[in-house]
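A.B. asks: coordinates for the following, if possible.
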Amino acid sequence: MLRKPIAVLLMLVFCFSSIALAAENKAEMTVLGKVIAVENAFYGSEQTGSLLERIGKLERDLYGAETNNAMVAKMDAIYDNVFHNTSGPSLIMKANSVEWAIMHEVSTAPIKTRIEQMEMMIHGTANMGSYTERLSSLMQLSFVDGDVTLVNKFVEPDTLVKIKLVTSIDSKTSRVGDAVHYVAAEDVVYQGALLVAKGAEGTGIITKVSQAQNFGRDAKIDIDFQNITTLDGTKMNTFLGEKAQKETETMVIAAGATVAGLAILGPVGIVTGAFVKGKNIEIPEGTEIYIQTKNESSVDGIQIEAL
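C.D. replies: Numbers count the residues shown, from 1 in each chain. Sure thing, here's the model as predicted:
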């Protein structure tokens, strides 16, 4: 009597396992996807040519020569070297760390451009050789023993991040789906570790726009402040919550704003108040507000303060 229920249960388990496996395989990045991701991070744009040509160019630029490995193995190694901290600091982590050590902020330029700019700043000329070697030379000049020690931190939810808008927002011209670009306005140091550097980019999206209407109804804009980029290049989930709103209000008071101008941020994500001119909302580029982390995040950083 129990055979049929057991058989059904086993079938369900198999089905759910198959679905989970299929989802996992689907989520795995393809070789082309890895090539595009590395090209965007290193050059700033997707390159042309066959996959073999593009991978070969990446190897020559990064390492000085091509390897004899299979195409998939080549790209896996390049991708891990650029994005992952598995066997040491990734290329992104090194570039961010050096730039922060020199400038105390990072830029949103591609890695190749940043290495060249830092060489010009220090040496007055761009160096020769592979970009990995050139970045290592910059590391030698910037850190004791020429390297950084990674530390992993679990960042608590509701950790504050001060941001500065890169693009202006206007209720008359902004539309649902428009991207909102911003950068970290100051470093985020957590338990003595630098996790987000000043200048790190973040992205959000406008989710609702209500135009000004009759009977005194002012315009409203709902913005989802989605993430901020950490020192290791990963995205940390963020949002505009009550804690961030209160911190922004405190900042406005310290700047000498009137009590009437405190309603900078209304109900979570809704921008109103001090930026309202008449009945429309105009938020200029350079406006600074606070956002906060959405959940606990595991983030790699570098220790810059003693605990």
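A.B. asks: can you verify G33 is assigned to a helix?
C.D. replies: Yes. According to DSSP: H, G, I helix; E, B strand; the rest coil, G33 belongs to a helix.
A.B. asks: what about it, distance to I221?
C.D. replies: As defined by CB to CB, to the nearest Å, G33 lies at a distance of 34 Å from I221. C-betas here are computed from N, CA, C, even on glycine.
A.B. asks: more crowded one of these two?
C.D. replies: Neighbour tally, G33 and I221, criterion other CB atoms under 10 Å: the higher count belongs to I221, 24 against 12.
A.B. asks: and the more buried one, helix, strand or coil?
C.D. replies: On the three-state scheme (three-state DSSP), I221 is labelled strand.
A.B. asks: name the helix or strand for I228, please.
C.D. replies: Under the criterion of DSSP states H and E, I228 resides in strand 220-229.
A.B. asks: so what does whatever helix or strand comes next after that strand touch, helix or strand wise?
C.D. replies: On the C-terminal side of strand 220-229, the closest following helix or strand by DSSP H and E is strand 235-239. Strand 235-239 is packed against strand 220-229, strand 288-293, strand 297-303, with contacts defined by 3 or more CB pairs under 8 Å, 6 or more residues apart in numbering; DSSP states H and E.
A.B. asks: please redo it, this time with the cut-off set to 6 Å
C.D. replies: Counting contacts by 3 or more CB pairs under 6 Å, 6 or more residues apart in numbering; DSSP states H and E, strand 235-239 packs against strand 220-229.
A.B. asks: elements contacting the strand it packs on?
C.D. replies: Using 3+ CB pairs under 6 Å, 6+ apart: strand 220-229 touches strand 201-210, strand 235-239, strand 270-271.
A.B. asks: ok, and what's touching the second one?
C.D. replies: Okay, so that is strand 235-239. With contacts defined as CB atoms under 6 Å, 6 or more residues apart in numbering, strand 235-239 is touched by 225, 227-228, 230, 291, 293-295, 297.
A.B. asks: mind doing that once more with 8 Å?
C.D. replies: Applying CB atoms under 8 Å, 6 or more residues apart in numbering, the contact partners of strand 235-239 are 155, 161, 195-196, 202, 224-230, 268-269, 291-295, 297, 299.
A.B. asks: domain parsing for the chain?
C.D. replies: The chain breaks down into these structural domains: 3-81, 91-148, 153-303 (assignment by automatic domain parsing).
A.B. asks: how about those domains in a markdown table, adding mean pLDDT?
C.D. replies: As requested, the domains of the chain are exported to a markdown table (pLDDT from 0 to 100):
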| stretch | mean pLDDT |
| --- | --- |
| domain 3-81 | 78 |
| domain 91-148 | 95 |
| domain 153-303 | 83 |
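A.B. asks: now the host helix or strand of K153: buried residues?
C.D. replies: K153 belongs to strand 150-155 when elements are defined using DSSP H and E. Using 16 or more other CB atoms under 10 Å as the test for burial, strand 150-155 gives 150-151, 153, 155.
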